[in-house]
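Chemist: show me the folded form of this:
(3 chains)
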Amino acid sequence: MIINHPLLGPRDASEFSYLGDASLIDRPDPQAQDAAEQFHDYVYLRDNPAGEHRELWFHEHGDRSWLVVTRNTLTHEITRVELAKDVAIARGRSR
Amino acid sequence: MTQAFRLTKGGLVDRSQTLEFRFDSAAFNGHGGDTLASALLANGVRLVGRSFKYHRPRGVFSAGSEEPNALVELRRGARQEPNTRATMAELFGGLDARSQNYRGSLKYDLLAVNDLLSPFLSAGFYYKTFMWPKSFWEKLYEPAIRAAAGLGRLSREPDPDAYDKGYLHCDILIIGAGPSGLSAALTAGRAGVRVILADEDFRVGGRLNAETLGVNYMAGSDWADAARAELAAMDNVRILTRTTVFGAYDHGIYGAIERQTDHLPHGSGKPRQVLWRIYTKRAIVCAGATERSIAFSDNDRPGVMLAGAVRAYANRFAVGTGASVAIFTNNDTGWRTASDLSAKGISIAAIIDTRETSPLAAPRGAAVVMGGRVTGTKGRHGVRSITLASGQTIECDCLAISGGWSPNVHLTCHQRGRPQWKEDIAAFTPGGDLPVGMRVAGAARGTFSLQNCLADGRETAVEILEKFGLNPPADDSLTADEEATSISAFWHVREGKGRAFVDLQNDVTVKDIRLSHQEGFRSVEHLKRYTTLGMATDQGRTANVLGLAILAQASGKSIPETGTTIFRPPYTPVAIGAIAGRSRGKEFRPVRKTPGHRWAEENGADFVESGLWMRAQWFSREGDTHWRQSCDREVQQTRASVGICDVTTLGKIDIQGRDAAEFVNRVYSNGFAKLPVGKCRYGLMLREDGLVMDDGTTARLGENHFVMTTTTANASTVFKHLEFCRQCLWPGLDVHLISVTEQWAQAAVAGPNARKLLEQLLDPDHDISSDAFPFMACGEITVCGGVPARLFRISFSGELAYEIAVPARYGNSLMATLMKAGEEFGATPYGVEALNVMRIEKGHATGSELNGQTSARDLGLGRMMSEKKDYIGRVLSQREHLAREDGLKLVGFKPVDTAQELKAGAHFIAKGKEMTTENDEGWMTSVAWSPNLQTSIGLGFIERGDSRIGETVIAADPLRDKSTEVEICSPHFVDPEGERLRG
Amino acid sequence: MRYSGMKVFLEGLTGNRGWKPVWRDPDPKQEYDVVIVGGGGHGLSTAYYLAKEFGVRNVAVLEKGWLGSGNIGRNTTIIRSNYLLPGNQHFYELSMKLWEGLEQDFNYNAMVSQRSVINLYHSDSQRDAYARRGNAMRLAGVDADLLDRKQLRRICPFLDFENARFPVRGGLRQKRGGTARHDAVAWGYARGADSRGVDLIQNCEVTGFRIDAGLCTGVATTRGVISAKKVAVCVAGSSSRVMALAGMRLPIESHVLQAFVTEGLKPVIPGVLTYGAGHFYVSQSDKGGLVFGGDLDGYNTYAQRGNLPTVENVCEGGMAMMPMIGRARLLRSWGGVMDMSMDGSPFIDKTGVDGLYFNGGWCYGGFKATPASGYCYAHLIARDEPHPTAAQMRLDRSISGRMLDETGRGPQPNLH
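Modeler: Sure, this is the predicted structure:
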């Protein structure tokens, strides 16, 4: 596979390592009343869709960017690649 | 030897070059340009192998990579190569091949008895028997089956050849250099785009070499040569012959194997094969089509061949496959075999066409039987005659069959594509869902006439060029000879008593397919799996469609209703060595060496793998007869005076930024926010699931500057994790990370004389007295007259100890300088064994304890889980099972009988209890011989261990037949109060 | 129809005309006591044991494709019970015991071949970890022995003992481990279930569950609605998709595992070997092909195919372990979609919906588990309580934190 890195252009997928669903960006609030339940679901449960999937890849043998790749799990077609940091900020994460 | 069947003229062989070769025990001659198969046929060798199941005599069946029968062992010794297709093995002088899969001799194979037993060996018979008595399967039945099965033999020696790998990039990859491939390549090449043209043959031209059809009023092979010359002159075109594109992978990446020296007597040091990963924008599959057989009684004898192959042998290799050839066909192309052979003076015994009429003319003297069917053949080791449905017998020594052509759709199926049936050509053609960027042209998509193939190749290239926004070159409109290709599907002759073979190599017959249907195995996949149809080394290339058609007949359905045949990579079998390339032996994985490696080497180190790193294990001295002597000496000298250990392999992560302290505080379970500048702290890192990920010491070098260390094993995991936290969880923190593991060489200096030793290196203005530089202090210093260094007063050994880091380029001299400075104290270098002994004596955890299954509480580090802050892993570490008080605890163990040696991996069982899982209380994680305590000691997890100090249990090691009574003790065997390290 | 050597002989004499279909091809009834969703190995073995051991015969198995079209026909056929953790150990040992009597039990030769499984080790710490595992096996009554380099060399002289980047130091062996003919396992169970009255319904895809007030009463399928007192899902590879129809999210990701087979070769490899310094395992089939595999490709996918870097990685492991295979040719590769769970261990459990049961999350380990999985799932379905050996294979184990993490790699499925 080839991942079109937003900063570096097309790169072979073997330069990257894979983590999983991009929902891992959404770490729950540890202060929440139901933090235990939220953290459990965050760590253990997955949508695991057949089709479009937003997922985290780490450019381990490259610039060390975490990327959010939108990829189809049936065809492996990649339709979007973003810097995970940008995605995280857009989802309201900050400090 | 004479080549009795070599035609006197014509062909693309080099008659000036005579090559001697051996097959079984006999010597033969062939010519340059021959394959082993063509050379054998030229010498009249018809029997070349035995079939898989019935051990039926078999001869060359095809002239290409689809060959099911003619498999040989090539070469000798460690280079012995089983199952090589004689049709693909290029002849060279000295080639040495042997037939395979028989017991006795090829001609008189004892296992041919299977053929007589065939009524009892029908499809899947083995699923119904060999079950009694139970123990006989492994002892009797299976060994017998295994010995009879298999084909060729591996040498059992390491493959002595080298293989390479490489990457290639192109705009258009053209797979197949037959007429459509050459036409596409010329069009694309002339337009200036980067083209790779690959073909499995050693000659470009494909069927043009095998036929007598002309292009542009030239012989087809001459035109192919001219096209090759033009393409070879273009800088933007690369031609790869002897190259099989074997797989279509995601995003336009193809795998290809180039056979570089297989056609030479010796590799002369060159790699045997090269694995190319070809990155393409577009690909055009011009892989042609494969002829298939017709099923009838005894259609498998040597001399029964594909009609197109018979033409190829005559036209390309100037070999007559018989003196008198009969032809059995259901389509027009079979007739061309008659005319081509006849033109070369070979007698045509008859043309038997299953169709009622054909517009084609037979060569003079050839009998024509329209609406005819061959119902049987005779000839023990080669066909001598055939019988027709009319009862007529025809003498012949070669029967050329054409059951039609199947497009080579393989690569189109490697992703999601499913071929579709086209009734007019009675064949499967590429379906939808082709791999992205892939197009198919020519016979591979069912375009069968030469003229149309040439046009299709060009048009496909033009369409791609237009997509690229380029102007296609002017049309040079190639003209080709006309050819007739019409077909009327015909699969199976019902008359006849013998077995009608569908899959020649696996001996799958029409009866087997019917039996499969009769027994309910009616999906194509069930058929394949039950009968083994298409599972042989040829992947059923000449058989699958025929088998499907017979299944369709049996179930009274049409072929498309019955199913389709799809293919998985590789297109043809690929040597494992080629896919592995250079990554084998010592080069399997890269070797990481610390900057001090050379010093260690020069000083008697024995090295051991630690991940990719090589670390000094111990340093032997003259007279040492056992590693333990070296290790004990290193431990004792360190504890008595001073020792030096290269600890560069620990992961080091430089953390900087205004929020560096906050960041470190969140990734460790214990507090770091208030760590003063100039201090180190031991940190415990959890995964988000609350279990321990790693540990290490982290130093605060400045207000906004930390240096974290990780264990050697987890260096990259921790770094990745920290980057995840930084970029994905807290993108607003002002913090940056970089791995500096390789930038800094680091050495531990441990022992009562550590300070004195170090003081000799320090530049004058640094004070490391205990007051100025107490335990857990750190700082940036200079040594040896201005060399920048970092000094950490931390101790893994439990002694007064420091770790000193210098830029990697000084790493080797650091070791030498430290040792020199230590001479007066009798300093010793120590390796990881001594390091391990000392850390066990101190009760420090490493990989065996931090195994990803343990919690901080298990490790006795529960107090390091801060309650004042959030950190990664906090919430889930509170889960019931992780928070329980009666769980495992890491403690120390001593044998009650101190002469006993402890073993890691033993399990703890209460005394007097049975050795069962239910009584299993934990296990020993690490053991060492403590030269200080003069006994074996261990660390281990045991239930409620911390409250059972003094109790004795059994360390059960049934695996090594050993049970040792051990006493549970504190894990701190040496200096439990920690006075030494504060000294 | 009972199979035997005599039957094969008699049929051979009479032209093999008397063989009957191994299973019927029934239309679905309107209602069953139990509907099993998924006609793979586990679904078929569940049906078999329900009918045979628990007397539940009004059962349908619904399969969207052909019987055995899931991972039962796409694996490397290894059977073993060399597990470390008590929560797994007894279960896999039950499976091994069932394997040992399977062929006589269902009267079908699945070619269960106990030619041993050897895990190579390359370092002291790896040896210690294997010693821990081997001893755990012995405590559980499972056979295990630790081979040193010399003993190993006698058994496998072809391993790279001289020139290896990671020297081979020994191995952990389970002699009772081995292989079985994967398709035949599915067919044997199918035949046994069918003959006991279970309806095996192919080309019937479940498109939804009928759930009323927290109770599952049946399934909607491409062949109409089928009512059932109990619905048991058993669709590893598609678990998330199917359970999403019931509104559930699972601790599972779908990943592809590639597998490979070479051309047929005369016998050369004894039993099953696994490499310890890279991910590679290999055995030799009765037909002579070397059957081998390695790591997952590593990304979520539902496509039954993988990519080249993984193929290279696997072959590199193979060549590093035994460089004699350089000239053996890879004949075919394929991919199976794995239910990769968060701790690498499976689930056999009830769900939050009454009457709806779940079996999945088998990761790499599904094939060897086929008999016990079916047996324990049948037990759960029939008695509404878990079989003791599968008592820890619960969906909620992550809530308490009592994980079944054999490798300690934590909640990242592609690392297991």
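Chemist: with adjacent residues omitted, what lies nearest to B:G255?
Modeler: B:G247 (4.2 Å; CB to CB, 6 or more residues apart in numbering or on different chains). For every residue, glycine as well, the C-beta is placed using N, CA and C.
Chemist: hang on, that neighbour packs against C:G306?
Modeler: No. B:G247 is not in contact with C:G306 according to CB atoms under 8 Å; the separation is 10.2 Å.
Chemist: more neighbours, the two?
Modeler: Between B:G247 and C:G306, counting by other CB atoms under 10 Å in any protein chain shown, C:G306 is the more crowded of the two (27 against 24).
Chemist: and that one, what is it in contact with?
Modeler: C:G306 makes contact with C:V256, C:L257, C:Q258, C:D297, C:S333, C:G335, according to CB atoms under 8 Å, 6 or more residues apart in numbering or on different chains.
Chemist: at 10 Å what do you get?
Modeler: C:G306 makes contact with B:249-250, B:569, C:255-259, C:295-299, C:314, C:333-336, according to CB atoms under 10 Å, 6 or more residues apart in numbering or on different chains.
Chemist: against chain A, how distant is it?
Modeler: C:G306 sits at a distance of 10 Å from chain A (criterion: CB to the nearest CB, to the nearest Å).
Chemist: assign that residue to helix, strand or coil.
Modeler: coil (DSSP: H, G, I helix; E, B strand; the rest coil).
Chemist: thinking again about what came up before, state the mean pLDDT of the helix or strand hosting the residue nearest to B:G255.
Modeler: Assigned by DSSP states H and E, B:G247 falls within strand B:243-249. For strand B:243-249, the mean pLDDT works out to 98.
Chemist: measure the residue in the stretch 451-600 of chain B positioned nearest to chain A to C:L120 for me?
Modeler: Nearest residue of the stretch 451-600 of chain B to chain A (CB to the nearest CB) works out as B:P590 at 12.3 Å. Separation of B:P590 from C:L120 (CB to CB, to the nearest Å): 21 Å.
Chemist: more neighbours, these two?
Modeler: Neighbours were counted for B:P590 and for C:L120 using other CB under 10 Å; C:L120 has more, 23 against 8.
Chemist: which helices and strands does the strand holding B:G247 pack with?
Modeler: The contact analysis (3 or more CB pairs under 10 Å, 6 or more residues apart in numbering or on different chains; DSSP states H and E) places strand B:243-249 against strand B:163-175, strand B:195-198, strand B:253-259, strand B:273-285, strand B:574-575, helix C:308-321, strand C:329-341.
Chemist: close to chain B, is the helix or strand bottoming out on mean pLDDT in chain C?
Modeler: In chain C, no helix or strand scores lower on mean pLDDT, DSSP states H and E than helix C:5-13, which sits at a mean of 94. Yes. Counting by CB under 10 Å from any CB of the partner chain, contacts between helix C:5-13 and chain B involve C:G5, C:M6, C:K7, C:V8, C:F9, C:L10, C:E11, C:G12, C:L13.
Chemist: contact residues of the stretch 851-983 of chain B facing chain C?
Modeler: B:851-855, B:876-884, B:903-907, B:909, B:914-920, B:923-927, B:940, B:955-961.
Chemist: make it 7 Å
Modeler: Neighbours of chain C within the stretch 851-983 of chain B, by CB under 7 Å from any CB of the partner chain: B:851-853, B:876, B:879-882, B:903-907, B:915-917, B:920, B:923, B:956-960.
Chemist: hmm, what's the outermost residue in chain A?
Modeler: The centre of chain A is farthest from one residue, A:Q33, which by CA atoms, centre = their mean lies 26.5 Å away.
Chemist: where's B:S716, which helix or strand?
Modeler: Element membership of B:S716 [criterion: DSSP H and E] is helix B:715-724.
Chemist: residue ranges of the helices in chain A, please?
Modeler: A:35-44, A:84-90 (DSSP state H).
Chemist: the stretch 401-550 of chain B too?
Modeler: B:450-467, B:510-518, B:524-531, B:544-555 (DSSP state H, counting those that start in this stretch).
Chemist: looking at the ones you listed, which is closest to chain C?
Modeler: helix B:524-531 (4.6 Å).
Chemist: and the residue of chain C nearest chain A?
Modeler: C:S240 (3.7 Å).
Chemist: then chain B?
Modeler: For chain B, CB to the nearest CB, closest residue to chain A: B:G732, 3.5 Å.
Chemist: for the residue lying closest to that residue once chain neighbours are set aside, give me the pLDDT.
Modeler: Sequence neighbours aside, A:S94 is the residue nearest to B:G732 in space, at 3.5 Å (criterion: CB to CB, 6+ apart). Note for A:S94: predicted pLDDT of 93.
Chemist: check C:Y364 too.
Modeler: C:Y364 is given a pLDDT of 89.
Chemist: ok so it is a strand residue?
Modeler: No. Counting by three-state DSSP, C:Y364 falls outside a strand, being helix.
Chemist: so which residues of chain C form helices?
Modeler: C:5-13, C:41-53, C:86-106, C:124-139, C:149-155, C:182-195, C:239-244, C:308-321, C:366-383, C:397-400.
Chemist: out of those helices, which is the most enclosed?
Modeler: helix C:41-53 (a mean of 28; mean count of other CB atoms under 10 Å in any protein chain shown).
Chemist: show me where pLDDT drops low in chain B?
Modeler: Scanning chain B for pLDDT under 70 picks out the ranges B:1.
Chemist: my error: substitute chain C in the last question.
Modeler: Residues of chain C that meet the cut-off, pLDDT under 70, do not exist.
Chemist: quick check, central residue of it?
Modeler: By CA atoms, centre = their mean, the most central residue of chain C is C:F367, 1.5 Å off.
Chemist: once you drop chain neighbours, what's closest to that residue?
Modeler: That would be C:N75: by CB to CB, 6+ apart, it lies 4.3 Å from C:F367.
Chemist: distance of that neighbour from C:F292?
Modeler: From C:N75 across to C:F292, the span is 12 Å (CB to CB).
Chemist: over to C:F91?
Modeler: 26 Å.
Chemist: and the strands in chain A?
Modeler: A:2-5, A:9-12, A:17-21, A:52-58, A:66-72, A:78-83 (DSSP state E).
Chemist: what about the strands in the stretch 151-300 of chain C?
Modeler: Applying DSSP state E, counting those that start in this stretch to the stretch 151-300 of chain C gives strands spanning C:170-174, C:178-179, C:199-201, C:206-212, C:215-221, C:224-233, C:252-264, C:272-274, C:281-284, C:289-300.
Chemist: since that was my last question, I'll sign off now.
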